[in-house]
Structure formats: C-alpha cells, structure tokens
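Participant: next one to model:
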Amino acid sequence: MAIAQAMCRLFTFHQLVTCSMKGATTTTGSPRPSLPAAERNAIIDVIAKTVDKPLVDVEEKMRGCLRHLQLMNN
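Facilitator: Predicted coordinates:
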C-alpha cells in the first residue's frame, strides 16, 4: 500500500494510467511511454532503503501497482 500511495503523490493520475515503468515493448498493443526516469528511480531507491528490500523487488511491486491502476481505469 505504501508504494501505491507514494506513486500517487509523485506522479499524476494521467501518468499512472497511461505509462509503463520503463516504456518497454509489449506483447499486445502499442508500447506505453515510460514514467519519468529520475522520479521513478528516486522513489525506488527511497522505498527500498526504507523497507530494506532489494531494488528489484520494489520495482516489481511498482509495476504491479501500475497494472492494477490501469486495469481499474479501463
């Protein structure tokens, strides 16, 4: 829950429902633009240090939060 709250404070609603983590290609549909890299990396670093988790785990949770928000918006 803390990750989703932090993302909502840092990124606009439009960014959250239209962007992907890194703008990579998708298996279906057209690729989404990436979230701003500086803000994305900063939030990952801060959360990883705060909860003492690897950066990869925090990034995966953020990716899951983005998917969830995008599904809720559709």
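Participant: which parts of this structure are helices?
Facilitator: For the chain, applying DSSP state H gives helices covering 2-10, 13-18, 37-51, 55-73.
Participant: buried residues, the shortest one. List them.
Facilitator: In this case it means helix 13-18. For helix 13-18, a neighbour-count test (16 or more other C-beta atoms under 10 Å) marks Gln15, Leu16, Val17 as buried. Bear in mind the C-beta positions are built from the backbone N, C-alpha and C, glycine included.
Participant: re earlier: let me have the helices of the chain in CSV, extended by mean pLDDT and distance to Thr25.
Facilitator: Output for the helices of the chain, formatted as CSV (pLDDT from 0 to 100; distance: least, C-beta to C-beta, whole Å):
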stretch, mean pLDDT, distance to Thr25
helix 2-10, 85, 22
helix 13-18, 90, 16
helix 37-51, 92, 17
helix 55-73, 91, 15
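Participant: tabulate the ones you listed (TSV), appending distance to Gly29.
Facilitator: Putting the helices of the chain into TSV (distance: least, C-beta to C-beta, whole Å) gives the following:
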stretch	distance to Gly29
helix 2-10	22
helix 13-18	12
helix 37-51	21
helix 55-73	11
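Participant: still on that earlier bit, okay, the buried residues of helix 13-18 in JSON lines with distance to Ala2 next?
Facilitator: Formatted as JSON lines, the buried residues of helix 13-18 follow (distance: C-beta to C-beta, whole Å):
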{"residue": "Gln15", "distance to Ala2": "19"}
{"residue": "Leu16", "distance to Ala2": "16"}
{"residue": "Val17", "distance to Ala2": "20"}
